[in-house]
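Trainee: Pasted the sequence and its predicted model underneath.
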Amino acid sequence: MRSCAGYCFRSCHKLYRTVAPLGHDARHAAEGEIYTKLNQKIDEFIQLADYEWGMAESDGRASGYLMDLINFLRSTFQVFTHLPGKVAQTACMSACKHLATSLMQMLLDTELKQISMGAIQQFNLDVIQCELFASSEPVPGFQGDTLQLAFIDLRQLLDLFMVWDWSTYLADYGQPTSKYLRVNPSTALALLEKMKDTSKKNNLFSQFRKNDRDKQKLIETVVKQLRSLVNGMSQHS
């Protein structure tokens, strides 16, 4: 993994060193190429993700592909200290944002029809590792939790589902102090719909289990309320 990171760095550093003397435009183009190469490498790791979306419970540890990706990023940014500070910081922020966006897209992929709570718990373990990486100051110079904020949309969405805090979400929606300010109703609805389908399919005898029936009723009620919020947003846009 370190050799992989070293190769990525060497190619990026060689590119930057070659064009640095040529002026602002050339440097800017080289920096863009560095960010692109790094994001492409992240995509390669993401493609290795193999979640069991119907799992009953999480593995209790982060996924292997995600830990390999974090180790790659950590090794890469350890050697990025040879680049100008601003370039290294921007590359690190770009990588974290790209990773967060890729994970969110994976979760909301329209081809993915069903997700269990166990799968969400597993996904949460992986996002925690991303947040730990961001908080470890992989590149010096970031203020406070600036880098961790790249994952704030994922964090709030997962917290909402992990705690099943719909009463708070619906009561506080639209308030600037909302605990789940970054959770768009359409995003919450898309994910909840996947859970509703999973719950129905997995519980063949749910009609005989009061707890399952109650959960289904709650999900259906929340789905209706979320749809109402989404429709209200579309009417005002």
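Mentor: Nice, thanks for sending it over. Residues are numbered from 1 along each chain as shown.
Trainee: any idea how far the residue nearest the centre of the chain lies from residue 218?
Mentor: By CA atoms, centre = their mean, the chain has its centre lying nearest to residue 100, at 3.3 Å. Using CB to CB, to the nearest Å, residue 100 is found at 29 Å from residue 218. For the C-beta atoms, the positions are set from N, CA and C on the backbone; glycine is no exception.
Trainee: ok so, going back, hang on, the residue nearest to the centre of the chain packs against residue 157?
Mentor: No. In this structure residue 100 lies outside contact range of residue 157 using CB atoms under 8 Å: 10.9 Å.
Trainee: elements contacting the helix or strand hosting residue 101?
Mentor: Residue 101 belongs to helix 85-108 when assigned by DSSP states H and E. Judged by 3 or more CB pairs under 8 Å, 6 or more residues apart in numbering; DSSP states H and E, the packing partners of helix 85-108 are helix 24-46, helix 64-79, helix 117-135, helix 152-163, helix 185-202.
Trainee: try 6 Å
Mentor: For helix 85-108, the elements it packs on are helix 24-46, judged by 3 or more CB pairs under 6 Å, 6 or more residues apart in numbering; DSSP states H and E.
Trainee: check which helix or strand covers residue 219.
Mentor: With DSSP H and E as the criterion, residue 219 is inside helix 210-236.
Trainee: buried ones in that helix?
Mentor: Residues 212, 215-216, 219, 222-223, 225-226, 229-230 are the ones in helix 210-236 that count as buried (16 or more other CB atoms under 10 Å).
Trainee: same deal with stretch 33-52?
Mentor: Within stretch 33-52, the residues that count as buried by 16+ other CB under 10 Å are 34-35, 37-39, 41-42, 45-46, 49, 51.
Trainee: between those residues, which is closest to residue 146?
Mentor: Residue 146 lies nearest to residue 35 out of the buried residues of stretch 33-52, by CB to CB, at 17.0 Å.
Trainee: Skipping its backbone neighbours, what lies nearest that closest one in space?
Mentor: For residue 35, ignoring the flanking residues on the chain, the nearest one in space by CB to CB, 6 or more residues apart in numbering is residue 94 at 4.5 Å.
Trainee: okay but that neighbour is in contact with residue 33, surely?
Mentor: No. Between residue 94 and residue 33 there is no contact under CB atoms under 6 Å: 11.9 Å.
Trainee: Report the buried residues of stretch 72-79.
Mentor: For stretch 72-79, the neighbour count (16+ other CB under 10 Å) marks 72-73, 75-77, 79 as buried.
Trainee: mean confidence for it?
Mentor: Averaging pLDDT along stretch 72-79 yields 90.
Trainee: now do stretch 156-165
Mentor: Across stretch 156-165, pLDDT averages out at 96.
Trainee: what sits up against it?
Mentor: 120, 124, 169, 180, 182-183 (CB atoms under 6 Å, 6 or more residues apart in numbering).
Trainee: As PDB, could you dump the C-alpha coordinates of that stretch?
Mentor: Output in PDB follows, covering the C-alpha atoms of stretch 156-165 (Å, rounded to 0.1, in the frame of the first residue of the first chain):
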ATOM      1  CA  GLN A 156     -26.200  13.600  10.200                       C
ATOM      2  CA  LEU A 157     -28.000  11.300   7.900                       C
ATOM      3  CA  LEU A 158     -26.600   8.200   9.600                       C
ATOM      4  CA  ASP A 159     -27.200   9.600  13.000                       C
ATOM      5  CA  LEU A 160     -30.800  10.200  12.100                       C
ATOM      6  CA  PHE A 161     -31.300   6.500  11.100                       C
ATOM      7  CA  MET A 162     -29.100   5.000  13.800                       C
ATOM      8  CA  VAL A 163     -31.000   6.800  16.600                       C
ATOM      9  CA  TRP A 164     -34.300   6.600  14.600                       C
ATOM     10  CA  ASP A 165     -34.800  10.200  15.700                       C
END
